[in-house]
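Enquirer: coordinates only, sequence not included:
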């Protein structure tokens, strides 16, 4: 799941300052789960902005709130049509993807990001998320006992551990477990220690050609598909 | 204004634009068990808030004579109460008594208007007859009650002893019926139904009761000195003082036997012995009554039955036989089996037989009779084989309870109305679903155990010789604390919008009672029969997909807040402070009221039904509308729920973060406990007001300087 954090209130106020009518647009999927931009956060941000307006005395805005199921699919944005034509800007509490899709779908209205999209992660406990995947496009988890050295090792090395590991912790941050110690222990318990004895050639550090595109089979229309 | 605030959008529009705003609450087991289907959960909750008059209004909605039920109801609701899985059931009847006495039931005026011309005759003035008269008057029919005795009330008057149902209570109810315009004919025994029809009555409702004592069928039963329980109680209750001598025996194990024994003691009989052929576990009498009888000195001989009675020298020589318990009978009670050669003789002055009663219906009525000389009726319409003749109460069911008779009376009134208006009888259709089932251990373990508070009773020494009511009414504190034990089955949270649910598992993580679970299809379920209605998941759900089942509960905080904000806006006091205070416990009447009084001008209290239902948005709303400070005062240790204070503190922290970012002091939001024991909430509040006053002054000065 994509994890994000709502921007500081001051920054949001700066972003919206030039506009009068603003639609606060929540996202009902990842942003709801990570508590950054679901319906409740939309409503809370709305309340906070109104308090700011009363207490701060700067600029008068009018707000509209709405939460769609998923901002990264245009179809979910369609019901917004009329509402968007009335507003001066959309403050999207979707992830970076959501903001861009909103911007594409409504080319005439500025789309402003309300959250800082942070990483792809897992829930550690209620309200705490940890990064787990870097979307490197070259998954090695089968060889590393299901523990990703790219994200969980501070250095992201493929042949670890480095010399900085101490008591199972990372030299860069004593609170973080050394990913390679974790990998070693898990491989040991799986009886696959031979995997750690192998040498992995350096990763391809060539810049990933962006933007990447994935085309599933169903999306390829070759034409003439009748019968 | 252009913007749509949460208060306008919160009427639950779904993505598809449809609105869902109806009552989704389920019928709790207590209500399902009550023959009158009273809204027990609702009035118990109102008592817990200290709103007795509102509670009484709810009670009176479904019960024509709540004060009678408050004294003598057999409370099937308490037997169904799910609190018994945690510790003991809620003392519902005692709470009703509290509501009736403190809510001013005596002051309620009987009102009815005659809107129909069809006259209805009610034969018999027991609970069924009175209830039927009440509802028929409410429907606008002229009603006449015919009563054979000199006093109204049927078994309420001649069967139930005064120490259980004070006569003033009954007289008040009768008086109210007279006020409503019910015509009453005392000392009038109806001998012919045709005569009644001839007098112009269109419908006759027969509630003759079951006054005929059953016979034991043993030798010597006709001897002088042997009397049946119903007759004995009737004589006592109609003002005679029959003498039972020094030593009396009562045969039977039901409520009538216990009543007869306790009445005998009060009439001055030195020794009263109950002879019962089974053991205490099988006694049909109310266990509390049995307990009280034993306290008063009634002796009970179990597993004993009389087989022969002989009268000699002014005494009765009763031959008894000992029994043992055999296999269970059809009713599930173990059958008594005589033990051979176990006969023994015992001397008594008198013997009261209380082994059961049956109705006595004159043959001239030409009614089809059923089992046990009861009147046969259609259970849905209460019609007999004769046109225009309805029957109900003990005459139909055999000896039963007051509340069942009241229910029969109400049913009869409605069916008589259908009959007279030529309508097809409409069944009472309940649209809401019922709720049943046991609490799961993982939930049960988390529910706070609080012992049941029994109402006080007169000490046994004080009861011996008079007919004063034995049970005393609760005081405020006891009643409110007892009412707070209610688990509020069926009004909990539900995921109303599954399409909104992001399955984030927040509810599963925050629930103090481990109620929500992930089903095999990956969908979160909040089982209604487990939810404890604390409301934490509702305020925490990031998708706003969870709501409380009752519309009132959903709107409550927001509408109370709006009310307070409007009042604050109209008042001249600035600055003002908004306080969300727990309305449960004694705060509705005690601490909260004193806060009201002591609060300096400018404090507006928003009563909430548990502070856990206050959302961060509510606090922000108060600030937006001009509040200088907000405090949340929960009930602390008294709280009947789990972890409420923790989740409130989370909301407070969330708001504080916003305040700090806006350059406002985070102390503007505070949290107190109204009942922290050594801490005085009023003192803490005073400090808070002073601080807010200071902050306000500082901000005014800052503004001045700026301009």
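Expert: Right, received. Where do you want to start? Treat the numbers as computed from the prediction; the structure is a model and nothing was measured.
Enquirer: ok, how many other residues are close to residue B:287?
Expert: Counted by other Cβ atoms under 10 Å in any protein chain shown, the residues lying close to residue B:287 total 10. Placement of C-beta: from N, CA and C, glycine included.
Enquirer: Residue B:79 versus that one, what's the distance?
Expert: For residue B:287, the distance to residue B:79 equals 11 Å [Cβ to Cβ, to the nearest Å].
Enquirer: just residue B:415 next, same as before
Expert: 28 Å.
Enquirer: More neighbours: which of these two?
Expert: residue B:415 (23 against 12).
Enquirer: any idea how far the spatially closest residue to that one that is not a sequence neighbour lies from residue B:420?
Expert: Spatial nearest neighbour of residue B:415, excluding adjacent residues (Cβ to Cβ, 6 or more residues apart in numbering or on different chains): residue B:381 at 4.8 Å. The gap separating residue B:381 from residue B:420 is 13 Å, by Cβ to Cβ.
Enquirer: go on, residue B:358?
Expert: Residue B:358 is 31 Å from residue B:420, by Cβ to Cβ.
Enquirer: Moving C-terminal from the lengthiest strand in chain A, which element do we reach first?
Expert: Using DSSP state E, we find that the single longest strand of chain A is strand A:115-125. Later in the chain than strand A:115-125, the nearest helix or strand by DSSP states H and E is strand A:128-133.
Enquirer: In three-state terms, how would residue B:305 be classified?
Expert: Three-state call for residue B:305 (DSSP: H, G, I helix; E, B strand; the rest coil): strand.
Enquirer: got the contact list for it?
Expert: By Cβ atoms under 8 Å, 6 or more residues apart in numbering or on different chains, the residues touching residue B:305 are B:251, B:275, B:277, B:320-321, B:323, B:336, B:338.
Enquirer: what does the helix or strand residue B:566 falls within contact?
Expert: Residue B:566 belongs to helix B:551-570 when assigned by DSSP H and E. Helix B:551-570 is contacted from outside by B:6-7, B:10, B:12, B:21-23, B:491, B:535, B:547-548, B:576, B:578, B:580, B:602, B:604-609, B:613-615, B:618, B:621-622, B:625-627, using Cβ under 8 Å, 6+ apart.
Enquirer: Chain A versus residue B:326, what's the distance?
Expert: 59 Å (Cβ to the nearest Cβ, to the nearest Å).
Enquirer: Does that residue touch residue B:336 like I think?
Expert: Yes - with contacts counted by Cβ atoms under 8 Å, residue B:326 reaches residue B:336, the gap being 7.1 Å.
Enquirer: for the helix or strand that residue B:699 is a member of, what is the average pLDDT?
Expert: Taking DSSP H and E as the criterion, residue B:699 maps to helix B:681-706. For helix B:681-706, the mean per-residue pLDDT is 77.
Enquirer: Likewise for stretch A:126-139?
Expert: So the average pLDDT for stretch A:126-139 ends up being 88.
Enquirer: now the end-to-end length of it.
Expert: 28 Å (Cα to Cα, to the nearest Å).
Enquirer: three-state assignment of residue B:172?
Expert: Residue B:172 - assigned by three-state DSSP - is helix.
Enquirer: how many other residues sit next to it?
Expert: 17.
Enquirer: ditto for the one 10 residues further on
Expert: The burial metric for residue B:182, expressed as a neighbour count using other Cβ under 10 Å, is 23.
Enquirer: Please tell me how far residue B:374 sits from chain A.
Expert: If you go by Cβ to the nearest Cβ, the gap between residue B:374 and chain A works out to 60 Å.
Enquirer: Retrieve the pLDDT associated with that residue.
Expert: pLDDT at residue B:374 comes out at 93.
Enquirer: low-confidence ranges in chain B?
Expert: Applying pLDDT under 70 to chain B picks out residues B:1-22, B:426-431, B:464, B:586-601, B:675-682.
Enquirer: can you tell me the average pLDDT over the lengthiest helix in chain A?
Expert: Looking across chain A with DSSP state H, the single longest helix is helix A:39-56. Averaging pLDDT along helix A:39-56 yields 91.
Enquirer: Just give the strands next to the next helix or strand after it in its sheet, each with its orientation.
Expert: Per DSSP H and E, the first helix or strand lying C-terminal to helix A:39-56 is strand A:62-68. According to DSSP bridges, strand A:62-68 forms sheet pairs with strand A:21-27 (parallel).
Enquirer: Cool, thanks, talk later.
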